[in-house]
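Participant: the sequence isn't on hand, but the structure is:
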């Protein structure tokens, strides 16, 4: 294949040498010069296209590898031509997964709607180093991959080209958007439903949280005599609870209006952002939070048991960042499968844009033991749950400008 590609240059060079020899033999200076130039030019083009990418390197550097939704991340590009031969043109195509906005560069749609290609086209002098500073606007959640990159260059006339591949990849994880939940205080009551399951938590005597006034029935051993001596009233110790309220958030990412697989449908992305906001809000209130969905992450169902550990919230946000709405089952299957594992004191929150009959049946069965709150994402399609099927319901209206919003209203 390469031998055939060089035949043209060698034929021109041989013809040039023949002309040059004939010119010098017959003392035809113009013919001799023409042949010599043709031979040298053909040889030069062959060397140029053969060595054009020798010593050429391409490197990208991300300012960070994890970012919040809406954050801006620096992307630095460095191109080096480490040789004496200049390049009249160098074209780099760098694959970028997803639909992130990249400022300062030329980005075109790739081979599919979910891929982009970052283009660089420039000449390079001998031993030149070129640096370009771009900015990534993190306006789409997900694990975004940069690379591989394809480099192309050739001779000055574009007769022959040479290509190379840079396989190093970089990844950027963009977390879902997190809203502030309004009105203030509503979210603190959501996991309790309508106080259907009042739970008195036992205190840990080794963890004193403070004191309060004595009430009838308080054990005498809990009286704080030192605090009482400094006060005019009888005071008893208040202990931190030995157990925390647990909340399990179930997210349904399937939408009735989507007949085709559209992983980045605005309604799906808004539902993911709402789920992330609820999980973050519950964690900030000190609750043990879990997250479940029929969506998948790396082929596995999204599932994270309720936890209060400091690393639980980042783990759940990463799962939501990477979740695909397509899975083998439905949220009704997940409610049935996971619901039986929860003990008393766990509240269930179901986030969905549609509550079909299988989901309602699963909720009804789960409600025999645990309180259930429904968060209905109101769109042009889908139906809310009937009031008698849940302990509490909150409605959130989807709007096209959800990316620009900072708060969402949980309407009772």
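Facilitator: Happy to help now that I have it. As the structure is a computational prediction, the values presented were derived from the model and not from experiment. Residues are numbered from 1 along each chain as shown.
Participant: identify the residues contacting the nearest residue to residue 78 once chain neighbours are set aside.
Facilitator: Excluding the flanking residues, the one nearest residue 78 by CB to CB, 6 or more residues apart in numbering is residue 59, at 4.6 Å. Where C-beta positions appear, they are placed from N, C-alpha and C, glycine not excepted. Each residue near residue 59 by CB atoms under 8 Å, 6 or more residues apart in numbering is listed here: 77-80, 168.
Participant: take these and lay them out in CSV including secondary structure.
Facilitator: What follows is those, written out as CSV (DSSP: H, G, I helix; E, B strand; the rest coil):
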residue, secondary structure
77, strand
78, strand
79, strand
80, strand
168, coil
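Participant: would you write a ChimeraX line that selects the buried entries of those residues?
Facilitator: Buried residues within the contacts of residue 59, by 16 or more other CB atoms under 10 Å, are selected in ChimeraX with:
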select :77,79,80
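Participant: out of the contacts of residue 59, who's nearest residue 108?
Facilitator: Ranking these by separation from residue 108, with CB to CB as the measure, puts residue 77 on top at 16.2 Å.
Participant: leaving out sequence neighbours, find the closest residue to the closest one.
Facilitator: In space, not counting the residues next to it along the chain, residue 77 is nearest to residue 132; the distance is 4.3 Å by CB to CB, 6+ apart.
Participant: roughly how far is the helix or strand harbouring that neighbour from the heart of the chain?
Facilitator: In this assignment (DSSP states H and E), residue 132 forms part of strand 128-137. Centroid separation between strand 128-137 and its chain, computed with CA atoms, centre = their mean, to the nearest Å, is 23 Å.
Participant: now stretch 228-238
Facilitator: Distance, centroid of stretch 228-238 to centroid of chain: 53 Å (CA atoms, centre = their mean).
Participant: now swap in stretch 124-136 and tell me
Facilitator: Between the centre of stretch 124-136 and the centre of its host chain there is 28 Å, according to CA atoms, centre = their mean.
Participant: ok, back up a step: which elements pack onto the strand holding residue 132?
Facilitator: Contact here means 3 or more CB pairs under 8 Å, 6 or more residues apart in numbering; DSSP states H and E; on that basis strand 128-137 packs against strand 72-81, strand 101-103, strand 115-124.
Participant: would you list those in TSV and tack on distance to residue 160?
Facilitator: Conversion of the helices and strands packed on strand 128-137 to TSV gives the following (distance: least, CB to CB, whole Å):
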stretch	distance to residue 160
strand 72-81	18
strand 101-103	31
strand 115-124	17
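Participant: quick one: closest of the ones you listed to residue 315.
Facilitator: Across those, the minimum distance to residue 315, taken as CB to CB, is reached by strand 72-81, at 21.4 Å.
Participant: and the contacts of the helix or strand following the closest one?
Facilitator: Tracing the chain C-terminally past strand 72-81 and defining elements by DSSP H and E, one meets strand 87-97 next. With contact meaning CB under 8 Å, 6+ apart, strand 87-97 is reached by 52, 56, 58, 60, 79, 81, 102, 107, 110, 114-124, 142, 144-156, 158.
Participant: now restrict the residues you listed to buried residues only.
Facilitator: Using 16+ other CB under 10 Å as the burial test, the contacts of strand 87-97 include 52, 56, 58, 60, 79, 81, 102, 107, 116-118, 120, 124, 142, 144, 146-147, 149-155 as buried.
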